[in-house]
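Visitor: need a 3D model of the following:
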Amino acid sequence: MSALPDLNSTSKPAISLRNVYKSFDNDGEAQTVLHDISIDFPAGAMSYVVGPSGCGKTTLISIIAGILTPDSGDINVLNTPIHALNQQQKGEFRRMNVGFIFQQFNLINTISIAENVAIPLLIQGVPHDEAVETAIEWLGKVGLGDRPYATPKDFSGGQQQRVAIARALVNDPKLVICDEPTSALDGKTGRVIMELLKNVAQQEGRAVIIVTHDNRIYQYADYLVEMEDGRILATHQDAQAWANATSGIAPSSA
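Guide: Predicted coordinates for the structure are as follows:
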């Protein structure tokens, strides 16, 4: 395992949130789900967000990605003040900088897995043949390079998750946001995927944020943010030690 990032250094974090609040309407009443969140996520690191169901983890990463708008507060992502952008600008920022890995695979069943993976490149204007060629290379990295022209319905859930991971990484994003990326994977495949994500995270100016309750992968974390009731409960630079201290019982997912 590589040396941990120096969170006390003067280097600029990849993501910085200050005094962020977020609420949702609940039968006419505002229900606050994030309370005064102030946190930095380091560059060049793999950061985990953990906590019990409903504690605000998914809301937090959705705000970082500009999918949700906070009620108040400042969010700086990759030197960009996300809170100050309009929806069109946020969409452009995500298109150019962010890769997403969701629990739901969101694959298109009527096209090949290579074309599914190529979608982010095609959106950026990469010629079709070049995009598909790059997609096939990424399918090889996740162990699916032998059947690039098969459709998603021909693959198991774990294999479809690997396709979704290849799609998230194909355009070399500076920020990768993952919601339970290993939940559908066996241990061996999960380790392969985490090594890929670790390599992305360690590149200069990049970061990976993972929401997870999979205690099999805590060893890969550089930094762990523990949430409860919409607040930051604690931060840890040794996720494995935290897992050991909690008897290896991971919080349930949001």
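Visitor: distance of the residue sitting furthest away from the middle of the chain from residue 59?
Guide: For the chain, the largest distance from the centre (C-alpha atoms, centre = their mean) belongs to residue 28, which lies 31.8 Å off. Distance, residue 28 to residue 59, using C-beta to C-beta, to the nearest Å: 20 Å. The way it works is simple: take the backbone N, C-alpha and C, and place the C-beta from them, glycine included.
Visitor: in this protein, which residue is closest to the centre?
Guide: By C-alpha atoms, centre = their mean, the most central residue of the chain is residue 177, 1.5 Å off.
Visitor: quick check: phi and psi on that residue?
Guide: phi -120, psi 120 (degrees, to the nearest 10).
Visitor: who touches it in this structure?
Guide: Neighbour list for residue 177: 61, 64, 65, 98, 99, 100, 101, 208, 209 [criterion: C-beta atoms under 8 Å, 6 or more residues apart in numbering].
Visitor: try 6 Å this time
Guide: For residue 177, the residues meeting the contact criterion (C-beta atoms under 6 Å, 6 or more residues apart in numbering) are 61, 65, 100, 209.
Visitor: so which of those residues belong to strands?
Guide: 100, 209 (DSSP state E).
Visitor: for the contacts of residue 177, which one is nearest residue 162?
Guide: Nearest to residue 162, judged by C-beta to C-beta, of the contacts of residue 177 is residue 100 at 14.9 Å.
Visitor: show me what that closest one is bridged to.
Guide: Residue 100 has the following beta-bridge partners by DSSP bridges: residue 177.
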